[in-house]
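Asks: structure, please.
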Amino acid sequence: MKFAKQLGLRSIPSWAPYYLDYKSLKQYIKTSFKDFAAPLQPLVSLDHVDQEPQVTPESEHGAAKDTISDAENTDQTEQDSRGSLTTTTASTLHSLSEAAVDSEDIKKQNGNASSDEEAARQESLKDIVEGFKSLLWAELEKVNARYEAQERVASLNIERLSSSWRANFTPAQLKQWRSDLTVLILNLEYLLEFSKTNITGFKKIIKKFDKHYRSCLPTAHPSVTTSPVPDSQRSSDGHRQDATNAITYLGSSVESEGAGPLSMFNALGIHGRSTPTIYLPSSYPEPASSLQPQEPFIRHVHSPNTHAKSVFYHNYYVGVSAVSLEFWKMVTEKTFAKSEKDERLLAEARTDYPVWDDLDLESLPSGRLSRLWIVLAEDAMSTPIRVPVIVAKGVRSGPVVGLTAALHGNELNGIPLTHRLVLQEIQCQALHGIVVAVPVANVPGYLAQQRGFTDGTDLNRLMPGKKNGTTSQVYSYNLMTRIIRHFTHLIDLHTASKGRVNSLYVRANMQNPTTRHMARLQNPQIIVHNTSPDGSLRGAAMSQYSVPAITVEIGDPARFQKRFVKSAILGVTNILSHLKMVEDEHEVQDYDPVVCAKSYWIFTRGGGILNVLPDVNTWVRKGELIATLHNIFGQEEHRYFAPEDGIVVGKSVDPVCQSGCRILHLGVVSDRFPEGKMDDGHL
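Replies: Below is the predicted model of the structure:
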């Protein structure tokens, strides 16, 4: 996607007039340089100007030979032949002399014409540079003014909120204070994104200008590369004595073996929003004049409307012009490019994200993204156990779709899915309804990098929990009552468990029209008909609150798999599109999912070293060998065969096997779904 379109999508709608006008600057570059598109024509050579045949020493010698040969074959005397040869040679030399004089005149005329043409060309180029500089400065002023104004407002709001805090707030006052804090944090996040987006835009437009500008220059300029510091210039402890020794010119006596090129930005030490760090002291000596005879090595630059001087390289950084470096210097002097106050203010406002006891969607601002904590329990230190919640609230009413991830603490693929969906894919200003993401539903398990809760229990077998029960039961109860009950649809994101791998598949009740449609829109590799086991989050949401829910299994545990995450995001977006929450842009896979009427796990009868043969998402035939089991001495103890035709939904990859370990999860296709309760038997 081109940056101009990205800029439109990334822009905050209410701030749109204050962003860099990338399209106008790009149009100026395109229009201004169109007459410079063709390279300079080479000078017309003398050979093409002189229409008469040129006399060369070889041709002169040949003519002399012919004359001598003719003289020997006639009745003329030897004296006459010599005279004829002398006369011919003198005539030839005279012709050569006249040609040389003509050549010098032509060269001089061509040189003067070329010089005039080049001067006019350079003057036009100078006008283009000055015009772009003026436009760039106007855009910088516009962006910077907006940034500074919003930064001042944010500072005042933080002071106001800090001074207005009271421990004895009434519930209504506390709700209003939290709402104001949420708005402040959102505005600071917007401010940070505003500065980063504009910095990227200025980088790209300067780079685009530089590309056109350098193509119009008649000669190449020296480049700068990094080079290792000689041992003689290091102190006794091995450290560099002079940081400027890291810079050398190509063609100088210091050569770097394997020296890497510097881009315009990392050459200046600019990373993200940092200010240049490679500026040299004014006392730094200039290089030998032979290296750069026509331009100073360094120079002082007066920025418009300021009196500050900065010293920097007036040269080319691996093909980056000094003009572009000066443009970038203009950018880095602006507050929005070098100030980190917005980040500090955001950190200050986020001394912690708002902490709520319940997900109150009504109090959150519309058309914005909100981040908060929901308390579900307390640990032994009386510290709240809270889960992170990200809410994308649209500008119009609609369904409330919830996504829960990491209900099993080591099943991680759902986390990047929630982040990318709500932070990048969804535009709150165009959203109808609300998307609520819970990136980590089992916080204690996630911190311990384990499947279960702190007491080892599986939260996905305790739902809907108990108000007065064990810690894990209370946690489960509060997860349901404080978060899940606010949803109209639920997508529960899981992966395989430790020691196993999964395909990208969906578990759903295919007898229910809503969940059946959600499962197909998800575009998985496999769909398994499953009415949900007792105690599962999916089953409790449907039975307790009539929330249609599906479970999406996204690959393997304890890792991020970009390919599976990307496919799962497309499926979630399809569901949002079907619910009319986002634009209707259904993405359809190149294949139809395999729909299994039932599925079940096959288990071992003994222990040993297990080797499961088929890959996930592959078919097996009845009687086909699917696994072997060896004892610790390497002797084969048992072979396992497929009990019927089916597809491998998941399998074990852990060779260490005890009696009753899983072998593989087999999905069976049928022309109808069985009635009544149906699960995969893995409880």
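Asks: roughly how far does residue 602 sit from residue 117?
Replies: Separation of residue 602 from residue 117 (C-beta to C-beta, to the nearest Å): 83 Å. Where C-beta positions appear, they are placed from N, C-alpha and C, glycine not excepted.
Asks: I misspoke; the intended subject was residue 534.
Replies: Per C-beta to C-beta, residue 534 is found 87 Å from residue 117.
Asks: so residue 560 sits in a strand?
Replies: No: counting by DSSP: H, G, I helix; E, B strand; the rest coil, residue 560 falls outside a strand, being coil.
Asks: residue contacts, it?
Replies: 412-413, 415-416 (C-beta atoms under 8 Å, 6 or more residues apart in numbering).
Asks: same question for residue 497.
Replies: Contacts for residue 497 were tallied using C-beta under 8 Å, 6+ apart; they are 408, 410-411, 451, 557.
Asks: over to residue 518?
Replies: Residue 518 neighbours (C-beta under 8 Å, 6+ apart): 489, 491, 508, 548, 550, 575.
Asks: nearest to residue 339 among those?
Replies: Nearest to residue 339 among those: residue 491, at 40.2 Å, using C-beta to C-beta.
Asks: now do the contacts for residue 654.
Replies: By C-beta under 8 Å, 6+ apart, residue 654 lies in contact with 498-500, 610, 661.
Asks: pretty sure residue 388 belongs to a strand, no?
Replies: Yes: assessed by three-state DSSP, residue 388 belongs to a strand.
Asks: okay, now residue 602: neighbour count?
Replies: Burial of residue 602 is recorded as 20 neighbouring residues (other C-beta atoms under 10 Å).
Asks: sorry, slip of the keys, the one I care about is residue 451.
Replies: 21.
Asks: pLDDT value on it, please?
Replies: Model confidence at residue 451, given as pLDDT, is 94.
Asks: how far away is the nearest residue to it once chain neighbours are set aside from residue 568?
Replies: Once flanking residues are discounted, residue 451 sits nearest to residue 408: 4.6 Å by C-beta to C-beta, 6 or more residues apart in numbering. According to C-beta to C-beta, residue 408 stands 16 Å off from residue 568.
Asks: ok, back up a step: counting neighbours, which of the contacts of residue 497 comes out on top?
Replies: Neighbour counts for the contacts of residue 497 peak at residue 411, which has 29 neighbours (criterion: other C-beta under 10 Å).
Asks: which element is the closest residue to residue 653 other than its chain neighbours on?
Replies: Nearest non-adjacent residue to residue 653, counting by C-beta to C-beta, 6+ apart: residue 501, 5.5 Å away. Using DSSP states H and E, the element containing residue 501 is strand 500-502.
Asks: tell me the helix or strand right after that strand.
Replies: Using DSSP H and E, the helix or strand that follows strand 500-502 towards the C-terminus is strand 504-508.
Asks: give me the domain ranges for the chain.
Replies: Following the assignment in automatic domain parsing, the chain carries domains at 1-36+96-217, 219-232+242-320, 353-594, 598-668.
Asks: which of those domains sits closest to residue 674?
Replies: Proximity to residue 674 (C-beta to C-beta) singles out domain 598-668 among the domains of the chain, at 6.4 Å.
Asks: and residue 531, how many neighbours?
Replies: That count, for residue 531 with other C-beta under 10 Å as the rule, works out to 21.
Asks: ok, now which ones touch it?
Replies: Contacts of residue 531 by C-beta under 8 Å, 6+ apart are 509, 511, 539, 676-679.
Asks: in three-state terms, label it for me.
Replies: Applying three-state DSSP: residue 531 is coil.
Asks: repeat that for residue 629.
Replies: On the three-state scheme (three-state DSSP), residue 629 is labelled strand.
Asks: just grab the bridge partners of it for me.
Replies: Residue 629 has the following beta-bridge partners by DSSP bridges: residue 610, residue 638.
Asks: all strands for the stretch 301-450 of the chain, in order.
Replies: In the stretch 301-450 of the chain, the strands defined using DSSP state E, counting those that start in this stretch lie at 309-313, 355-356, 368-378, 384-393, 396-405, 432-438.
Asks: let me redo that: the stretch 451-600 of the chain
Replies: Here the stretch 451-600 of the chain has its strands, by DSSP E, counting those that start in this stretch, at 489-494, 500-502, 504-508, 526-529, 549-554, 594-596, 598-603.
Asks: dump those strands to CSV, plus distance to residue 32 and mean pLDDT.
Replies: Output for these, formatted as CSV (distance: least, C-beta to C-beta, whole Å; pLDDT from 0 to 100):
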stretch, distance to residue 32, mean pLDDT
strand 489-494, 51, 97
strand 500-502, 56, 93
strand 504-508, 51, 95
strand 526-529, 57, 95
strand 549-554, 50, 96
strand 594-596, 58, 95
strand 598-603, 65, 94
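Asks: tabulate those strands (TSV), appending distance to residue 431.
Replies: TSV is the format used below for the strands of the stretch 451-600 of the chain (distance: least, C-beta to C-beta, whole Å):
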stretch	distance to residue 431
strand 489-494	14
strand 500-502	31
strand 504-508	24
strand 526-529	27
strand 549-554	21
strand 594-596	31
strand 598-603	35
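Asks: from the contacts of residue 518, which is closest to residue 617?
Replies: Nearest to residue 617 among those, with distances taken as C-beta to C-beta, is residue 508, at 17.8 Å.
Asks: neighbours of residue 558, just the number please.
Replies: 15.
Asks: that one reaches residue 413, doesn't it?
Replies: No: using C-beta atoms under 8 Å as the test, residue 558 is too far from residue 413 to be in contact (9.6 Å).
Asks: low-confidence regions, the chain specifically.
Replies: 1-2, 4-10, 36-114, 167, 218-320, 341, 347-353, 585-590, 680-683 (pLDDT under 70).
Asks: please work out which of the domains of the chain is packed deepest.
Replies: Comparing these by mean neighbour count (mean count of other C-beta atoms under 10 Å), domain 353-594 comes out on top with a mean of 20.
Asks: what's near enough to touch the nearest residue to residue 436 once chain neighbours are set aside?
Replies: Excluding its sequence neighbours, the residue lying closest to residue 436 (C-beta to C-beta, 6+ apart) is residue 402, at 4.7 Å. Residue 402 makes contacts with 435-438, 483-484, 486-487, 489-491, 547, as judged by C-beta under 8 Å, 6+ apart.
Asks: so which of those residues comes closest to residue 128?
Replies: Scanning the contacts of residue 402 for proximity to residue 128, where the rule is C-beta to C-beta, the winner is residue 435, at 47.4 Å.
Asks: please list all residues in contact with that closest one.
Replies: Counting by C-beta under 8 Å, 6+ apart, residue 435 makes contact with 391-392, 400-403, 421-422, 426, 576, 581.
Asks: please repeat the previous calculation with a cut-off of 7 Å.
Replies: Residue 435 makes contacts with 392, 401, 422, 426, as judged by C-beta atoms under 7 Å, 6 or more residues apart in numbering.
Asks: and residue 376, by the same measure?
Replies: So residue 376 contacts 385-387, 475, 478-479, 482 (C-beta under 7 Å, 6+ apart).
Asks: ok, 10 Å please
Replies: 357, 384-387, 441, 443-444, 465, 474-483 (C-beta atoms under 10 Å, 6 or more residues apart in numbering).
Asks: leaving aside the residues next to it on the chain, what's closest to it?
Replies: Leaving out its chain neighbours, the residue that sits closest to residue 376 by C-beta to C-beta, 6+ apart is residue 478, at 4.2 Å.
Asks: need the domains of the chain in CSV (columns: distance to residue 337).
Replies: Listed next are the domains of the chain as CSV, based on distance: least, C-beta to C-beta, whole Å:
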stretch, distance to residue 337
domain 1-36+96-217, 6
domain 219-232+242-320, 6
domain 353-594, 23
domain 598-668, 49
